[in-house]
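In: coords please:
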Amino acid sequence: MNYILFDGPSRNNLLPFTFTRPVADIRVGILTIREKWEAYLKTTTTTVTEDYLSDKYPMVEMDENIMVNASYLPNLELIEMVKDLKENQAIFKGEDVIAFFTKEAQNDISFDAYDAIEFTQDILKIENTWDIFSKNAEAIQEDFALITKGKTSQPIPASNNIIAPENIFLEEGAKLEFTTLNASSGPIYIGKNAEIMEGAVVRGPLALCEGAGIKLSAKIYGPTTVGPYSKVGGEVNNSVIFGYSNKGHDGFLGNSVLGEWCNLGADTNNSNLKNNYAEVRLWDYQTEGFAKTGLQFCGLMMGDHSKCGINTMFNTGTVVGVSANIFGSGFPRNFVPSFSWGGSSGFTTYLTKKAFEVAKVVMARRKVEFSDQDKAILEHVFEETKKYRRT
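Out: The predicted structure is shown next:
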């Protein structure tokens, strides 16, 4: 069977992260949503997404296809139902369609003609940006069970101070000496060739993905995900870093999500709790205003390729778009549009020519090409977000 992941109605609620990727390629837990589905299904998937993303994330359609709403994270019960789908059947969770069987010739699908199968079990759904960190504990737990089933961890070096070693898994090439790992409150996964340096103190759940690193004497509170080839130092609490991003120095990051190719300058700090303890509001790209989150703790949402200088301070509930460059003293406003250059004293437009020069250099350091597809995606984002920039 051919499986196709589609963005679904939550796509716009997940901006700025979905400016540059389909919903399926959001990382939560250890794996991206796509990697979870492919691991359970034991096959590859393709994507239905925005037209401007489709060159990089194409769809492969066959005579018979099962379409899957990428906002939903798979579990064993759902996978069995998805595999058993027949023509004119669809799986629903309330009003939401999770998956349905379709043929290539079907263009306009009316679910009135489908047999509705209700999914009644609990399931994780990523429908808002803050779900990425607030549901990360459960996602790490489920991924840990999936990835480590039937496998044996590499031995934990004797120099480390360990609590609940049965909840710790080291992949091949993982390095750690003279650290403290407490997995009593959740699993700790240390990926292939990842490293935790001396003096670091970690409380699970933690996902340290392939090639990622935790710096000397860092303090990491779970549930936190450090994506592939990312580096973190200082203090991190309940945050998700997608990959290839750095928070390499002292400073606090809490209840936050960073996309790919981000960099936080030394001693950058974000607030995750308002002084009056009130509910946090976040910028909503659909209403073009600030919307309630229902959360008391919510920090920084930063899109791909954005960066900030040393000693940057972010207010509670700050949203930074794609390819922004923030620097200077004081708090920048709590919505920074994509391709903005500046800080609390004001912003100008970060021209694509300059932004692309930086992206090319940054990606080359990790031996990743800044492709024509990447360039075209960012050019589209630049045009789409013009209305938010004041210059």
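In: Count the neighbours of T293 for me.
Out: The burial count assigned to T293 is 19, neighbours taken as other CB atoms under 10 Å. In this view, the C-beta of every residue, glycine as well, is placed from N, C-alpha and C.
In: That one and N269, how far apart?
Out: As judged by CB to CB, to the nearest Å, T293 and N269 stand 20 Å apart.
In: And N12, how close does it get to I26?
Out: Distance from N12 to I26, by CB to CB: 14 Å.
In: Please read the previous query as pertaining to Y114.
Out: Distance, Y114 to I26, using CB to CB: 27 Å.
In: Name all residues that make contact with the nearest residue to K307 once chain neighbours are set aside.
Out: The spatially closest residue to K307, leaving aside those adjacent along the chain, is N263, at 4.5 Å (CB to CB, 6 or more residues apart in numbering). By CB atoms under 8 Å, 6 or more residues apart in numbering, the contact set of N263 is 245-248, 307-308, 362.
In: got it, and A99?
Out: 66-69, 78, 81-82, 85, 90-91.
In: go on, A207?
Out: 29-30, 140, 143-144, 189, 191, 224-226.
In: Run through the stretch 251-391 of the chain and note the low-pLDDT ranges.
Out: 391 (pLDDT under 70).
In: can you give me the strands for it?
Out: All strands of the stretch 251-391 of the chain, identified by DSSP state E, counting those that start in this stretch, fall at 252-254, 257-260, 263-264, 269-270, 281-284, 289-292, 300-302, 307-308, 313-314, 318-320, 325-326, 335-336, 340-343, 346-349.
In: Find the helix or strand that I140 is a member of.
Out: If you go by DSSP states H and E, I140 is part of helix 136-148.
In: The nearest residue to G330 once chain neighbours are set aside: neighbouring residues, count only.
Out: Nearest non-adjacent residue to G330, counting by CB to CB, 6+ apart: S344, 3.2 Å away. Burial of S344 is recorded as 15 neighbouring residues (other CB under 10 Å).
In: So for S159, what's the pLDDT?
Out: For S159, the model assigns a pLDDT of 98.
In: Tell me who's in contact with it.
Out: By CB under 8 Å, 6+ apart, the contact list for S159 reads 177-178.
In: again, only this time at 10 Å
Out: 176-179, 198 (CB atoms under 10 Å, 6 or more residues apart in numbering).
In: Can you say which of those residues are buried?
Out: 176, 179 (16 or more other CB atoms under 10 Å).
In: Can I get the contacts of A99 in a markdown table including pLDDT, neighbour count and secondary structure?
Out: Converted to a markdown table, the contacts of A99 look like this (pLDDT from 0 to 100; neighbours: other CB atoms under 10 Å; DSSP: H, G, I helix; E, B strand; the rest coil):
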| residue | pLDDT | neighbour count | secondary structure |
| --- | --- | --- | --- |
| I66 | 96 | 21 | strand |
| M67 | 95 | 22 | strand |
| V68 | 97 | 28 | strand |
| N69 | 97 | 21 | strand |
| L78 | 97 | 21 | helix |
| M81 | 97 | 17 | helix |
| V82 | 97 | 23 | helix |
| L85 | 96 | 21 | coil |
| A90 | 96 | 20 | strand |
| I91 | 97 | 24 | strand |
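In: for the residues you listed, which one is nearest D7?
Out: N69 (8.4 Å; CB to CB).
In: Tell me which helix or strand the nearest residue to the closest one once chain neighbours are set aside sits in.
Out: Nearest non-adjacent residue to N69, counting by CB to CB, 6+ apart: G8, 4.4 Å away. Taking DSSP H and E as the definition, G8 sits outside all helices and strands.
In: can you count the residues close to G8?
Out: Look at G8: counted by other CB under 10 Å, it has 21 neighbours.
In: so who does it touch?
Out: G8 makes contact with 14, 23-24, 48, 67-72, 96-98, 125, 127, according to CB under 10 Å, 6+ apart.
In: Name the nearest of those residues relative to G233.
Out: Of all these, L14 has the smallest distance to G233: 27.6 Å, by CB to CB.
In: Tell me how far that closest one lies from I126.
Out: Relative to I126, and taking CB to CB, L14 is found at 7 Å.
In: which residues are in contact with both of these two?
Out: Taking CB under 10 Å, 6+ apart as the criterion, L14 and I126 both touch 23, 26, 70-71, 132.
In: Could you dump those into a markdown table and include neighbour count, distance to P58 and pLDDT?
Out: As requested, the shared contacts of L14 and I126 are arranged in a markdown table below (neighbours: other CB atoms under 10 Å; distance: CB to CB, whole Å; pLDDT from 0 to 100):
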| residue | neighbour count | distance to P58 | pLDDT |
| --- | --- | --- | --- |
| V23 | 25 | 16 | 98 |
| I26 | 23 | 18 | 98 |
| A70 | 29 | 15 | 97 |
| S71 | 26 | 20 | 98 |
| I132 | 23 | 25 | 98 |
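In: The residue nearest to G330 reaches R333, doesn't it?
Out: Yes - between S344 and R333 there is a contact under CB atoms under 10 Å: 7.7 Å.
In: Flag the shaky bits of the stretch 101-250 of the chain, pLDDT-wise.
Out: Judged by pLDDT under 70, the stretches of the stretch 101-250 of the chain that qualify are 104-108.
In: Helices along this structure, start to end?
Out: 33-41, 76-83, 131-134, 136-148, 352-365, 372-384 (DSSP state H).
In: which of the residues in the fifth one are buried?
Out: Read that as helix 352-365. For helix 352-365, a neighbour-count test (16+ other CB under 10 Å) marks 352, 355-356, 358-359, 362-363 as buried.
In: That one packs against which elements?
Out: strand 325-326, helix 372-384 (3 or more CB pairs under 10 Å, 6 or more residues apart in numbering; DSSP states H and E).
In: L14 and I126: which is more packed in?
Out: Shown here are L14 and I126; by other CB under 10 Å, L14 has more neighbours (26 against 23).
In: That one contacts V23, doesn't it?
Out: Yes - contact status for L14 versus V23: in contact at 6.1 Å, counting by CB under 10 Å.
In: Identify the contacts common to these two.
Out: By CB under 10 Å, 6+ apart, the residues touching both L14 and V23 are 7-8, 70-71, 126-127.
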